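Undergrad: This is a predicted model, with the sequence first.
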Amino acid sequence: MIFQQTLHVEQLKSDFPILAQQVHGKPLVYLDNGATTQKPRRVIEAMNTYYHEYNANVHRGLYNLSAQATHAYEESHRKVAEFIGASFEEVIFTKGTTESLNLLAYSLGNTLQPGDEIVLTQLEHHSNIVPWQQLAKRKGLVLKYIKLTPDFHIDLAHAREIVTPRTKIVSVAHASNVLGTIAPVKELARIAHDNGALFIVDGAQSVPHMPINVREIDCDFFAFSGHKMYGPTGIGVLYGKRHLLERMDPFLFGGDMIREVHFTHSTWNDLPWKFEAGTPNIAEAVGLAAAIDYLTGVGMRHVQEYEADLTAYAHQKLSSLKGITVLGPKGARGSVLSFTIDGIHPHDASTLLDREGIAVRGGHHCAMPLMGLLGITGTVRASLSFYNTHEDIDKLAAAIIKAQEVFGV
Amino acid sequence: MTIIDPMQIGDRELTEEEEIYKENILDHYKHPRNTGTLPECTVHHHEHNPLCGDRIEIFLTFTDETCTDAKFVGQGCAISQASMSMLSEQLKGKTVDDIKRITSDDILSLLGIPVGIVRIKCALLSLKTVHVGISHWENFTNSATTSPHSVKFTETGELP
């Protein structure tokens, strides 16, 4: 409650125009922030202003508009770098987390030999499994998965067992999009580095919810998406340690990543442009910068504290309902709450909740192997943001009870 | 019975008539008709929707082109399972051609509520399973020299 006062949630909520609407005659309660967050007015306006006032291609035109666009685009890299404790050259813009991870799988993959091992965890999103699986197929690599403990934490003892000098890459989700598990990334970084492996963090579900410092984590790479952190779709980030990025091959080839092209060979641009081929998503970069300004204004420490309080409330509230099983760790966890309702399929539950104006996700959340492990086909998932309130959670609980009445369970 | 245009459906308050259909759907979901397996059947087919994990496995027996028995096993959401349960009641006594003429609209009108564009795949998995099953059987019959009738399948009907 203290944090609610610090955060002025109702005021923050009014920064998001979309949240003011009604759905099926009920005020919208948006609880699918793990899929994508809503956008504050200043993000929408920043992108609008870009197209209204200074749209031009970057790094090319020798005229005023292009200079403005270039400045805004580069400024966005600087803001991202500052936001995660990196330096400008280490921040590469991609389409999103998925592309960032694919870039790594491609570019790091070039250096791997048959029999080399890649270690992931059992709770990964498909985006942090499939690129490695495909790479493993192409190069004859071995994929291994760190187990979860019975209380849904990453099993560090198992990590120490399977990460060996044969391991070249360890790649883990910082925060699970299904269970809310927060991976012990500093410990995992140490385990990886002790064995000479690179350590990659999928931060798609952590960056919007906690302060991030890539140097403190000591990860070699860190990937995340703009649209899950109140920015636009179509833009994401790959952070990489400078000396590693310098040694890596580009992933995509073409304009902007070039220094010189000859008929027989070409050379690459400086970091970070070496990894940004083609005309980039300039408006989206402008929007992402505005999102970072917004989050910085709110304060990531405040966001983390408020969401921890709200998550604890939601966990307790949902767990108190009959027939509900909340998955994932108890205590400190991310603001993602996956649950099952006895006798109601997650999709039916989502449809019934929608009729109460509540937007949740139902399904496997792009984590089919984890679902198999848990012995379920899907869950209902409420993923919270700082613009959600205790009242939203109460409405969710009431809507679940109503759904149970409809199904007679 | 109102025919519901799949492009129009979804996402509004239910009318009183539709509320009755909703009860009917829940009844079929909780007490599905014609569940079970037919170890000796003519058509056996399994379909699933990987997005939501809905699964349906059908067992149809045809005697002289007429469906004499229809059973299914499945798991998934209320819409997918009720839809199959309702469809299973329509199959017996129909000819292969009759069954092939059943349309998506027919299934939606059986359900009788707006299922929403996002749930249309759930609603139509039943018909897809039946139609694809029949089509595989026909292709097999046309290309094989021996009769595919009475092919033996999984005794338990367990889903893979």
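TA: Looks like it came in fine.
Undergrad: Can you name the residues of chain B sitting close to chain A?
TA: Contact residues, chain B versus chain A (CB under 8 Å from any CB of the partner chain): B:11-13, B:22, B:26, B:30, B:50-53, B:75-79, B:116, B:118-119, B:122. For the C-beta atoms, the positions are set from N, CA and C on the backbone; glycine is no exception.
Undergrad: Those, buried ones only, as a PyMOL selection?
TA: Selection of buried members from these for PyMOL, criterion 16 or more other CB atoms under 10 Å in any protein chain shown:
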select buried, chain B and resi 22+26+52+53+76+77+78+79+116+119+122
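Undergrad: Kindly tell me how buried the residue nearest to A:R60 when sequence neighbours are not counted is, as a neighbour count.
TA: Excluding its sequence neighbours, the residue lying closest to A:R60 (CB to CB, 6 or more residues apart in numbering or on different chains) is A:S66, at 6.2 Å. A:S66 is flanked by 17 other residues according to other CB atoms under 10 Å in any protein chain shown.
Undergrad: Assess the claim that A:S66 and A:V58 are in contact.
TA: Yes - A:S66 lies in contact with A:V58 (CB atoms under 8 Å); the separation is 6.8 Å.
Undergrad: Would you tell me what helix or strand A:H315 is located in?
TA: Taking DSSP states H and E as the criterion, A:H315 maps to helix A:300-319.
Undergrad: mean confidence for stretch A:263-276?
TA: Mean pLDDT, stretch A:263-276: 94.
Undergrad: So which bits of that stretch are buried?
TA: Of the residues in stretch A:263-276, A:W268, A:N269, A:L271, A:P272, A:W273, A:K274, A:F275, A:E276 count as buried by neighbour count, 16+ other CB under 10 Å.
Undergrad: So which of those sit within strands?
TA: Among the buried residues of stretch A:263-276, the members found in strands (DSSP state E) are A:W268.
Undergrad: Output the buried residues of stretch A:263-276 as TSV; include the columns distance to A:M248.
TA: As requested, those are arranged in TSV below (distance: CB to CB, whole Å):
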residue	distance to A:M248
A:W268	10
A:N269	13
A:L271	10
A:P272	12
A:W273	14
A:K274	9
A:F275	8
A:E276	13
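Undergrad: Which residues lie in contact with the residue of chain B found nearest chain A in this structure?
TA: Closest residue of chain B to chain A, CB to the nearest CB: B:G53 (2.9 Å). B:G53 sits next to A:G363, A:H364, A:M371, A:T377, A:G378, B:Q75, B:G76 when contact means CB atoms under 8 Å, 6 or more residues apart in numbering or on different chains.
Undergrad: Among those, which one lies nearest to A:Q21?
TA: Closest approach to A:Q21 among the contacts of B:G53 (CB to CB): A:G363, at 24.1 Å.
Undergrad: Which strand residues bridge that closest one?
TA: Beta-bridge partners recorded for A:G363 (DSSP bridges): A:T379.
Undergrad: That one and A:A349 touch, don't they?
TA: No - when contacts are counted by CB under 8 Å, A:G363 is not listed as touching A:A349 (10.7 Å).
Undergrad: Neighbour count: the two, which is higher?
TA: Shown here are A:G363 and A:A349; by other CB under 10 Å, A:A349 has more neighbours (25 against 20).
Undergrad: what's the closest non-adjacent residue to the more buried one?
TA: In space, and not counting its chain neighbours, A:A349 is closest to A:V380: 4.8 Å by CB to CB, 6+ apart.
Undergrad: could you measure A:Q113 against A:G362, distance?
TA: 43 Å (CB to CB, to the nearest Å).
Undergrad: cool, A:T296 as well?
TA: Relative to A:G362, and taking CB to CB, A:T296 is found at 34 Å.
Undergrad: Looking only at neighbour counts, state which of these two leads.
TA: Per other CB under 10 Å, whichever of A:T296 and A:G362 has more neighbours is A:G362, with 23 against 12.
Undergrad: Pretty sure that one sits against A:T377.
TA: No - taking CB under 8 Å as the definition, A:G362 is not a contact partner of A:T377, at 10.4 Å.
Undergrad: hey, what's in contact with both of the two?
TA: Shared contacts of A:G362 and A:T377 (CB under 8 Å, 6+ apart): A:P346, B:C52.
Undergrad: Which residue ranges of chain B form strands?
TA: Remark: strands assigned in chain B by DSSP E are B:40-41, B:43-49, B:54-63, B:66-75, B:151-152.
Undergrad: Please name every helix or strand in contact with the fourth one.
TA: The contact analysis (3 or more CB pairs under 8 Å, 6 or more residues apart in numbering or on different chains; DSSP states H and E) places strand B:66-75 against strand B:54-63, helix B:78-91.
Undergrad: report the angle between the axes of the longest helix along chain B and strand B:54-63?
TA: Secondary structure of chain B per DSSP state H: the longest helix is helix B:120-143. Angle, helix B:120-143 to strand B:54-63, by axes from the mean of the first three to the mean of the last three CA atoms, to 10 degrees: 40 degrees.
Undergrad: residues from chain A in reach of chain B?
TA: Taking CB under 8 Å from any CB as the measure of proximity, chain A contacts chain B at A:24-25, A:344-348, A:351, A:354-355, A:362-364, A:368, A:371, A:377-378, A:406-408.
Undergrad: So which of these are in strands?
TA: The strands, defined by DSSP E, take in A:G362, A:G363 from these.
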